[in-house]
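Q: Could you work out the structure for the sequence below:
(one chain, ligands or ions: 1)
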Amino acid sequence: MSCDSPLIIALDHPSLDAALCLADRLDPERCRVKVGKELFTRSGPDVLEALHGRGFQVFLDLKFHDIPNTVAAAVQAAAEQGVWMVNVHAGGGRRMMEAARERLERHGLETRLIAVTVLTSMTADDLLEVGVSAPPATHVERLALLTRDCGLDGVVCSAQESARLRELCGPEFLKVTPGIRPQGAAQGDQRRVMTPAEAMAAGSTHLVVGRPVTQAEDPMAALLDIEKELTPPRSP
Ligand SMILES: O=C(O)c1cc(=O)[nH]c(=O)n1[C@@H]1O[C@H](COP(=O)(O)O)[C@@H](O)[C@H]1O
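A: Numbering: from 1, shown residues only. Here you go, the predicted model:
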């Protein structure tokens with residue numbers, strides 16, 4: 001099933017059963033889902049098969065970061081399981097990203113390949129501590145340009161960086177943005193956040209939303225509230 005919603009719901013659950021319980025409360029025509037490290041490490045590829053069977057397009061978010069050959073093989077393995085999108089860390093560098101992209105091309109795999117720039121939990125101080133003295137926005141720009149140059153489909157970034165990246169890399173370049181917080185929602189461990197409407201206005205192409213939907217009493221209602229916020233009001 002294909003889906004044209006920009007919403008990607010992060011199934012950050014500790015077990016296959018818990019993730020499917022949540023997925024069964026969502027509509028695959030109104031969102032895609034993201035499977036991350038904890039869920040995949042616990043459940044393995046079974047979770048992908050179960051979600052595909054329910055009609056969801058899946059973003060496999062394992063943020064690969066290793067030597068080029070290892071990452072290319074991992075990206076191929078993900079794509080062969082039919083995932084819609086997979087990601088690597090842009091910090092892995094040009095040869096790693098090019099190897100991953102070339103591997104997909106060589107095997108005719110159409111999975112979208114994107115790269116994480118600077119995690120939305122990172123502040124300028126966090127970057128400084130790992131040897132990056134540039135402000136987060138500058139480092140994101142550098143990594144996004146490198147990612148585009150390597151022929152990837154887009155980046156994961158904070159919505160606060162989407163507008164600048166739309167200018168630099170063009171509107172077609174995917175800007176997948178976590179750190180989305182509807183008005184009044186708890187920020188949690190996220191630092192560079194925006195509301196869904198602000199993020200789309202800034203040029204994000206996809207919004208990754210976790211806890212504001214998954215922890216809601218009625219997840220589908222929370223998703224529809226976000227959808228409503230994104231739909232421009234009709235003129236009278
Ligand atoms: O790659 C990601 O999806 C990601 C990158 C990033 O920089 N920040 C970030 O929060 N994420 C993921 O996006 C989701 C955000 O979840 P919430 O903070 O609960 O909305 C989590 O699954 C994170 O792993």
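Q: Going by C-alpha atoms from here, please, whenever you check contacts or count neighbours.
A: Will do.
Q: pLDDT of stretch 109-121, averaged?
A: Averaged over stretch 109-121, pLDDT sits at 96.
Q: So what would you say the end-to-end distance of it is?
A: Length of stretch 109-121, first residue to last, CA to CA, to the nearest Å: 31 Å.
Q: how far does it sit from the chain's center?
A: Its chain's average C-alpha position is 6 Å from that of stretch 109-121, according to CA atoms, centre = their mean, to the nearest Å.
Q: for the protein, which residue is closest to the average position?
A: Centroid-nearest residue in the chain: residue 176, 4.9 Å away (criterion: CA atoms, centre = their mean).
Q: so it makes contact with residue 155?
A: Yes. Using CA atoms under 8 Å, residue 176 is in contact with residue 155, at 6.1 Å.
Q: sorry, back to before: pLDDT score assigned to the residue nearest to the centre of the chain?
A: 97.
Q: likewise residue 41?
A: Listed pLDDT for residue 41 reads 97.
Q: Where does it sit, in terms of helix or strand?
A: Element membership for residue 41 (DSSP states H and E) is helix 37-43.
Q: what mean pLDDT does the next helix-or-strand element following that helix have?
A: Beyond helix 37-43 in the direction of the C-terminus, DSSP H and E gives the next helix or strand as helix 46-53. On average, the pLDDT along helix 46-53 is 98.
Q: Mind listing what's buried along helix 46-53?
A: For helix 46-53, the neighbour count (16 or more other CA atoms under 10 Å) marks 47, 48, 49, 51, 52 as buried.
Q: ok now do the first one, which residues does it touch?
A: Just to be clear, that refers to residue 47. Shown in contact with residue 47 (CA atoms under 8 Å, 6 or more residues apart in numbering): 16, 40.
Q: Could you list the alpha-carbon positions for the longest strand along the chain in PDB?
A: Counting residues, the longest strand found in the chain (DSSP state E) is strand 58-64. Listed next in PDB are the C-alpha coordinates belonging to strand 58-64 (Å, rounded to 0.1, in the frame of the first residue of the first chain):
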ATOM      1  CA  VAL A  58       8.400   1.000   6.900                       C
ATOM      2  CA  PHE A  59      11.300   3.300   7.600                       C
ATOM      3  CA  LEU A  60      14.000   1.100   9.100                       C
ATOM      4  CA  ASP A  61      15.900   3.500  11.300                       C
ATOM      5  CA  LEU A  62      19.100   1.600  12.300                       C
ATOM      6  CA  LYS A  63      21.400   4.600  11.500                       C
ATOM      7  CA  PHE A  64      24.300   2.500  10.100                       C
END
